[in-house]
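1. Test case, fold it:
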Amino acid sequence: MSDSAVDNEAIQRSQRRRAVFASTVGTTIEWYDFFLYGTAAALVFPKLFFPGEDPYVGILLAFGTQFAGFAARPIGAAIFGHYGDRIGRKSTLIITLLLMGIGTALIGLLPTYAAIGLAAPILLTVLRIVQGVAVGGEWGGSVLLAMEWGHARQRGFMASWPQLGVPVGLLLSTGLVQLMSATTGPAFLTWGWRVPFLVSVVLVGVGLYVRLRVLESPEFAAVKAKQTVVKMPIVDAFRTQWREILSSAFVRLSEQAPFYLFITFVLSYGTQQLQLNRGSLLNATLVAAAIGLFSVPFFGWLSDRIGRRTMYGIGIVCTGLFAFPYFGLLNTRVGVLVLLAIVLSLIFHDMQYGPQAALIAESFGTNIRYSGAGLGYQLASVIAGGPAPLIAAYILKNTGSSTGIAWYIVICCVIAMIALLVMPRRALTDERSVEAAVTQG
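-> Here you go, the predicted model:
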């Protein structure tokens, strides 16, 4: 091998590591901000922004504003997917990071209902929509930047690294809320809850520094070189691959709907229905998120060995089978069993989340991949993640039992399995040319 070839390979390896690191750091910050809202919606916002005589109404309204963020995610996917497929992955990721950071910091500065009345929950909802638009555009770009810099044989593993933003973001947001709750005590509801939101400004600064040093993905660079960039990628994605978009959305029902029950609804259910300690629940979530640092990339790596669909299907089955035991363990009110329930729930989630990015992204051609994969992924927010806490709260209010919620999880898993089985398979006939593009630069 010539010296120039060796130098070129070294440069490629360096850029590959940099792309993965930048994608993971960026998604971590985005999900830190997004999850922080969910935690506050369960513990803080009902009292400060939706006060009333009935705590249930406050919780329902707080989760309703959370749903607004989910509803905005497909809009973000459409907007940034269009430009990501037109001008590149890197530029759009800079904008999504700034948008999320500004929106989150403003939530930390927002006056409460007691100070400005009805304007408070309205502004809170608007800022939540800003968060939703930002995270809607973030996922597709970050996953593609990492995956398209990698080898075709390792796409599951490479695309799983940006997915680490979920457990790391959850770890950071929950940990900081727990820290502020413990150190500020009664003042937590006065000002302590604001600190984690304001910290977002610092994190965004770090993320921008990292992302500005990354080159555009070689696959998208090859599309530009061949002049095959499409004018309306969103339209083309719906016209040519609408089946892939819909199946990508429904296959996430078993992953996303239970996930937001496992990390958000469990906080209100545990503290109000079971009278469990808030700190203990947050600590259990921290343990589960820490395990996710290893389980997410592991299941992504495993999907490269046993197949994306096989790995994902195993995760669906495990989540469905665990629905009733999950609430059974929580309802014991025994600390060790509650911890076991929360940890296992997120491991079964990671079985799907690890291979999910590659499973969805591989279904689309490079020139419409940002738009198609982003839309499919984010449409699930409207049918899965967003309504899940609302549906669970409604079931609990009307039945007084967790049984109906467990059945809801099972139904989501059945629908997801059907979507996985009918999901079109796209033959990646251009893998050799992709590898050549990565190698040649």
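2. low-scoring pLDDT stretches of the stretch 1-150 of the chain, where are they?
-> 1-11, 53-54, 150 (pLDDT under 70).
3. In it, what residue spans correspond to helices?
-> 3-43, 45-48, 55-86, 89-109, 113-116, 119-149 (DSSP state H, counting those that start in this stretch).
4. next one: the stretch 301-441 of the chain
-> Counting by DSSP H, counting those that start in this stretch, the helices of the stretch 301-441 of the chain are 308-331, 335-361, 369-380, 387-399, 403-422, 431-440.
5. So which elements touch the second one?
-> Taking 3 or more C-beta pairs under 8 Å, 6 or more residues apart in numbering; DSSP states H and E as the contact definition, the neighbouring helices and strands of helix 335-361 are helix 119-149, helix 155-163, helix 165-184, helix 253-260, helix 278-306, helix 308-331, helix 369-380. From N, CA and C alone the C-beta is placed, and that goes for glycine too.
6. Please list the outside residues in contact with the fourth one.
-> Contacts of helix 253-260 from elsewhere in the structure, counted by C-beta atoms under 8 Å, 6 or more residues apart in numbering, are 38, 315-316, 319-320, 323, 345-346, 349, 352-353, 356, 380-381, 383-385, 387-389, 408-409, 412-413, 415-417, 419.
7. related to what we said a few turns ago, looking at the helices and strands packed on helix 335-361, spot the one closest to Ser217.
-> Shortest distance between Ser217 and the helices and strands packed on helix 335-361, using C-beta to C-beta, is found for helix 119-149: 3.7 Å.
8. With Ile409 as the reference, measure out to Thr125.
-> In this structure, Thr125 and Ile409 are 27 Å apart, going by C-beta to C-beta, to the nearest Å.
9. more neighbours, the two?
-> Residue environment comparison for Thr125 versus Ile409 gives the larger neighbour count to Ile409, 24 against 17, counting by other C-beta atoms under 10 Å.
10. for Gly101, what are its contacts?
-> Counting by C-beta under 8 Å, 6+ apart, Gly101 makes contact with Ile29, Asp33, Ser200, Val201, Leu203, Val204, Gly207.
11. Relative to Ile129, how far out is it?
-> Relative to Ile129, Gly101 is positioned 15 Å away (C-beta to C-beta).
12. How about Leu420?
-> Separation of Leu420 from Ile129 (C-beta to C-beta): 31 Å.
13. picking that back up, ChimeraX command for the buried members of the contacts of helix 253-260?
-> Per 16 or more other C-beta atoms under 10 Å, the buried members of the contacts of helix 253-260 correspond to this ChimeraX selection:
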select :38,315,316,319,320,323,345,346,349,352,353,356,380,381,383,384,385,387,388,389,408,409,412,413,415,416,417,419
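14. I'd say Leu346 and Ala288 touch.
-> Yes - shown here, Leu346 and Ala288 form a contact pair, counting by C-beta atoms under 8 Å, at 4.1 Å.
15. what about the residue nearest to Pro196 when sequence neighbours are not counted, how many residues close to it?
-> Nearest in space to Pro196, with sequence neighbours left out and distances taken as C-beta to C-beta, 6 or more residues apart in numbering, is Leu176 at 4.2 Å. Counted by other C-beta under 10 Å, the residues lying close to Leu176 total 17.
16. Likewise for Lys226?
-> Based on other C-beta under 10 Å, the number of other residues close to Lys226 is 12.
17. repeat for Arg13
-> As a measure of burial, Arg13 has 10 neighbours, counting by other C-beta under 10 Å.
18. Over to Val195?
-> A total of 16 residues lie near Val195 under the criterion other C-beta under 10 Å.
19. hang on, it packs against Val177?
-> No - with contact defined as C-beta under 8 Å, Val195 and Val177 do not form a contacting pair (9.2 Å).
20. Now do the SS call for Leu276.
-> The assignment at Leu276 comes out as coil when based on DSSP: H, G, I helix; E, B strand; the rest coil.
21. who touches it in this structure?
-> For Leu276, the contact set (C-beta under 8 Å, 6+ apart) comprises Gly270, Arg333, Val338.
22. follow-up on the earlier one: out of the helices and strands packed on helix 335-361, flag the one nearest Gly58.
-> Comparing these by their distance to Gly58 (C-beta to C-beta), the top pick is helix 119-149, with 10.3 Å.
23. Filter the contacts of Leu276 down to the buried ones.
-> Those of these that meet the buried threshold are Gly270, Val338, by 16+ other C-beta under 10 Å.
24. Can you list the buried residues in stretch 30-47?
-> Judged by neighbour count (16+ other C-beta under 10 Å), stretch 30-47 contains these buried residues: 30-47.
25. before we move on, what about stretch 71-90?
-> By neighbour count, and taking 16+ other C-beta under 10 Å as the criterion, the buried residues in stretch 71-90 are 71-74, 76-86, 88-90.
26. likewise stretch 389-403?
-> For stretch 389-403, burial by neighbour count (16+ other C-beta under 10 Å) applies to Pro389, Leu390, Ile391, Ala392, Ala393, Tyr394, Ile395, Leu396, Ser402.
27. Find the nearest non-adjacent residue to the residue nearest the centre of the chain, please.
-> In the chain, the centroid-proximal residue (C-alpha atoms, centre = their mean) is Val166; its distance is 5.6 Å. Closest residue to Val166 apart from its sequence neighbours, by C-beta to C-beta, 6+ apart: Trp31 at 5.3 Å.
28. who are the neighbours in contact with that neighbour?
-> Listed by C-beta under 8 Å, 6+ apart, the contact set of Trp31 reads Val135, Gly165, Val166, Val168, Gly169, Leu170, Ser173.
29. Based on its surroundings, how many neighbours for the second one?
-> Think Gly165. When neighbours are counted by other C-beta under 10 Å, Gly165 registers 27.
30. what's the closest non-adjacent residue to it?
-> If the residues on either side of it in the chain are set aside, Gly165 comes closest to Thr27, at 2.8 Å by C-beta to C-beta, 6+ apart.
31. What's the local residue count around that neighbour?
-> Around Thr27 there are 29 other residues, counting by other C-beta under 10 Å.
32. Select, out of the helices of the stretch 1-150 of the chain, the one closest to Ala159.
-> Nearest of these to Ala159, taken as C-beta to C-beta: helix 119-149 at 4.1 Å.
33. now for that closest one, which elements pack on it?
-> Going by 3+ C-beta pairs under 8 Å, 6+ apart, helix 119-149 lies up against helix 3-43, helix 55-86, helix 89-109, helix 155-163, helix 218-225, helix 335-361, helix 369-380.
34. Distance to Glu148 added to the ones you listed, as CSV?
-> Conversion of these to CSV gives the following (distance: least, C-beta to C-beta, whole Å):
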stretch, distance to Glu148
helix 3-43, 8
helix 55-86, 11
helix 89-109, 8
helix 155-163, 9
helix 218-225, 4
helix 335-361, 9
helix 369-380, 8
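35. That'll do, ta.
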